[in-house]
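*Asks:* when you get a sec, could you give me coordinates for this:
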Amino acid sequence: MKANISGAMLVVVWLSVAAAAEAIRPGKPDMGLIEQTCSQTQHPGLCLSSLKSDPNSFPADKTGLALVALRLVSSNASDISEGIKVMLNDTRLADQPGVQQGLYDCLDEYLDASQQLDDSIAALLVKAYGDVDKWVNAAVAAVRTCEASFSVKPSVLTPRNDNFIKLCQNALTIAHIAETEN
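*Replies:* Residues are numbered from 1 along each chain as shown. Predicted coordinates:
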């Protein structure tokens, strides 16, 4: 009788260890929520590639995905600001005062956008979704002002500005989806 109980206990312990090992084994992350959420955005391909690039997306709920999306767009704004600084140091632009002035204007606008995105992240953390909407839209307006500051279209920043606006649109959609969860 003791042998049967010991054998049964051994099987239970073995199954428990196997289940625990399976749970901690690294594998392919579950993309279901990301794919479902991104399918509702205006730019689903960009949404998928950006969220999949950030390990904080796994495993995140809808609010977590909104936070990741906002942080990604904030990081994008910082990267663009740094790129503008590099362009302003490019001596080949010295004979293009209109471009230089546009870049200076855009640097200011992107610094504003970065602050507005930081404010939107803070608003999301306290579930102030109306403020998230307000701050992200203000960041988009700042970048549109940046683009308008160039006399020649498309500007040297048009592709970056367009991508930034798409990231903002996706982040807003994801924040609206998260709002319905709460």
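
*Asks:* please identify the helix or strand for the most centrally placed residue in the chain.
*Replies:* Centroid check for the chain by CA atoms, centre = their mean gives residue 69 as the closest residue, at 2.4 Å. Element membership for residue 69, per DSSP states H and E: helix 62-88.

*Asks:* mind listing what's buried along that helix?
*Replies:* 62-74, 76-77, 80-81, 83-84, 87 (16 or more other CB atoms under 10 Å). Just so you know, the C-beta spots here come from the backbone N, C-alpha and C atoms, and that holds for glycine as well.

*Asks:* what's the following helix or strand past it packed up against?
*Replies:* Sequence-wise, the next helix or strand downstream of helix 62-88 (DSSP H and E) is helix 97-125. Judged by 3 or more CB pairs under 8 Å, 6 or more residues apart in numbering; DSSP states H and E, helix 97-125 is in contact with helix 62-88, helix 129-148, helix 158-181.

*Asks:* recalculate using a threshold of 7 Å.
*Replies:* In this structure, helix 97-125 packs against helix 62-88, helix 129-148, with contacts taken as 3 or more CB pairs under 7 Å, 6 or more residues apart in numbering; DSSP states H and E.

*Asks:* check contacts around residue 143.
*Replies:* Taking CB atoms under 7 Å, 6 or more residues apart in numbering, we find residue 143 in contact with 109, 113, 161, 164-165.

*Asks:* contacts only, for the nearest residue to residue 88 once chain neighbours are set aside.
*Replies:* Spatially, and ignoring its direct neighbours in sequence, residue 88 is nearest to residue 103 (5.3 Å; CB to CB, 6 or more residues apart in numbering). Applying CB under 7 Å, 6+ apart to residue 103 gives the contacts 84, 87-88.
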